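Visitor: Quick one, what's the 3D model for this:
(chains A and B)
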Amino acid sequence: MTTVENEDRMIALTAATAALGLADIKRVLPHRYPMLLVDRVTDLVPGVGLTAYKAVTANEPWYRDLADDADPAYPRTLLVESWCQAAGVLVAWAEPNPDVLSGQVMLFGGMADIEFSAPVLPGDVLEHRVRLMRALSDTVLFEGESLVGGEPVLRVGRVVMAMRPAEELSPHDRQSR
Amino acid sequence: MAAPDIDGRTGGPAVSPVTGSAVSPVTGPVTVLEHTGSRAVTEVEADAGQQVFPGHYPGFPIFPGVCVVECVHLGAQAAPPVPGVRLDLVAVQSTRFQSPVLPGDTVRSEADWAADGDGWIHRAKVRTTRGPAAQVRLRYRVVEDR
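Guide: This is a model prediction of the structure:
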C-alpha cells in the first residue's frame, strides 16, 4: 500500500480510533509480568496503526542485581520486544486471543533493519509508533519507530508476525520434539 | 583456547557472568566454547529459572525471540572480534526465527565476526538440541575509551 493510500485509509477510519488502558491490553495480549511491556495505547486504527507508551523504570526485574556503577541503559532487545508487543495489540485487537493454548496464536517470525540510536534510561517514556505495512492471510508486516521526548531511539524497518494454530506449540507437541 | 573462568580455574571453557554487569532480560552466564580468530561459539542456558518465563507465557513458557537475540548479543560481548574492545549494539540487521526455545534448552550461538567500516558484523546461527532456532545478524560500533 502506498503512503497516500495509507493516509486516505487513516482519514476514513479516524472515527474508529481507539485508546486502550492496561485492562484492555491484557484482554488481547497473553504477555504478563515481567514481560508485559506495553502500558497504554492511543490512536489505534484497526488495520492501519497505533501509538503505544511504555514507561521504563529501574524497578523492572532486569535492574535488580545491577551494580551501582554499571551502565543503566535499557536492554535494546527489550526495546524491540516492547515495540513488537504494541504491534501485537494492533493485530490482536480485531480478534483477541489472550489464551496461547487455543485458536490462532501470533508468533514473532523475524525482523530486519532495526536501528538503535540514543540509549533509553530509567525514567524515559517510550512512544512506539506502529504502522501496518502489509497483511497476508497468515502473516503481517509492520514498520515504525520509537521516540523518547520526541527524539528517535529506535527505527523498525520490518517486523514479521505469523499467525499459527496453537496446536503447533502445544505441550503435547513439545514432548514429541 | 583455554582461559580462566570466573572462579579463576583454567582448562575449561570461559564463563562470563551477566547479572550485575549489564541490564539484561537473560540472567546468563555465557559460556565461550570457541573463540579463535573471527569465530565465536557461545552458549547460554535457557533454564526454567530464567526470569522471563513466568510472563512469557503464564502456564506456557516459551523463551522470547528477543531473548534468543539477547543470547547472541551476550555471546558477542563475551567473545569480541578484538580483545578488550567495547562494543555498542547499533542494529539488528536481520533475524529469522526457525523454532521455539523452551525451558531447559541450551541456546548455542555459532557466529563469525566481519569488519564493516568502522564497526563489526556478528552473524550467528542459533541452535538447540532440537535443531536450528534462529539466524541473527547484529551490527556493532566500537566504543572509544576516553
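Visitor: Find the helix or strand that B:Gly84 is a member of.
Guide: Secondary structure assignment for B:Gly84, by DSSP states H and E: no helix or strand.
Visitor: Three-state assignment for the closest residue in space to A:Leu20 that isn't next to it in sequence, please.
Guide: Leaving out its chain neighbours, the residue that sits closest to A:Leu20 by C-beta to C-beta, 6 or more residues apart in numbering or on different chains is A:Val41, at 4.0 Å. No exception for glycine: its C-beta is placed from N, CA and C like everyone else's. Here A:Val41 is recorded as strand under DSSP: H, G, I helix; E, B strand; the rest coil.
Visitor: Tally up the residues packed near A:Val41, please.
Guide: By the criterion of other C-beta atoms under 10 Å in any protein chain shown, A:Val41 has 24 neighbours.
Visitor: Give the helix, strand or coil label for B:Ser109.
Guide: strand.
Visitor: so A:Ala166 touches A:Met106, yeah?
Guide: No: applying C-beta atoms under 8 Å, one finds A:Ala166 not in contact with A:Met106, separated by 10.3 Å.
Visitor: Among the two, which residue is more densely surrounded?
Guide: Taking neighbours as other C-beta under 10 Å, A:Ala166 and A:Met106 compare with A:Met106 leading, 20 against 16.
Visitor: phi, psi of the more buried one?
Guide: As for A:Met106, its main-chain torsions (degrees, to the nearest 10) stand at phi -100, psi 130.
Visitor: With B:Phe53 instead?
Guide: Residue torsions, per degrees, to the nearest 10, at B:Phe53 are phi -60, psi -40.
Visitor: distance of it from A:Pro61?
Guide: Using C-beta to C-beta, to the nearest Å, we find B:Phe53 at a distance of 12 Å from A:Pro61.
Visitor: So these two - more neighbours on which side?
Guide: The neighbour comparison of B:Phe53 against A:Pro61 (other C-beta under 10 Å) goes to B:Phe53, with 22 against 15.
Visitor: Against which helices or strands is the least confident helix or strand in chain B by mean pLDDT packed?
Guide: Ranked by mean pLDDT, DSSP states H and E, the weakest helix or strand in chain B is strand B:14-16, scoring a mean of 83. When contacts are defined as 3 or more C-beta pairs under 8 Å, 6 or more residues apart in numbering or on different chains; DSSP states H and E, strand B:14-16 packs onto strand B:30-36, helix B:65-78.
Visitor: What residues of the helix or strand just after the last one count as buried?
Guide: Beyond helix B:65-78 in the direction of the C-terminus, DSSP H and E gives the next helix or strand as strand B:86-97. Burial within strand B:86-97, assessed by neighbour count using 16 or more other C-beta atoms under 10 Å in any protein chain shown, is assigned to B:87, B:89-95, B:97.
Visitor: now stretch B:105-115
Guide: By 16+ other C-beta under 10 Å, the buried positions in stretch B:105-115 come out as B:105, B:107-111, B:113.
Visitor: Check these against chain A and report the nearest one.
Guide: B:Asp105 (10.3 Å; C-beta to the nearest C-beta).
Visitor: That closest one pairs with what?
Guide: Beta bridges link B:Asp105 to B:Ala46, judged by DSSP bridges.
Visitor: ok, now how distant is it from B:Arg127?
Guide: Distance from B:Asp105 to B:Arg127, by C-beta to C-beta: 10 Å.
Visitor: Between the two, which contacts overlap?
Guide: The contact sets of B:Asp105 and B:Arg127 overlap at B:Ala133 (C-beta atoms under 8 Å, 6 or more residues apart in numbering or on different chains).
Visitor: Just give me the longest strand of chain A.
Guide: strand A:151-165 (DSSP state E).
Visitor: partner strands of that one, parallel or antiparallel?
Guide: strand A:104-116 (antiparallel), strand A:139-148 (antiparallel).
Visitor: outside of the shortest one, which residues touch it?
Guide: What it means is strand A:139-148. Outside strand A:139-148, the residues that reach it (C-beta under 8 Å, 6+ apart) are A:49, A:79, A:82-83, A:87, A:90-91, A:109, A:118, A:120, A:124-135, A:152-163.
Visitor: filter these to the buried ones?
Guide: Looks like the contacts of strand A:139-148 have A:49, A:79, A:82-83, A:87, A:90-91, A:109, A:120, A:124, A:126-133, A:153-154, A:156-163 buried, using 16+ other C-beta under 10 Å.
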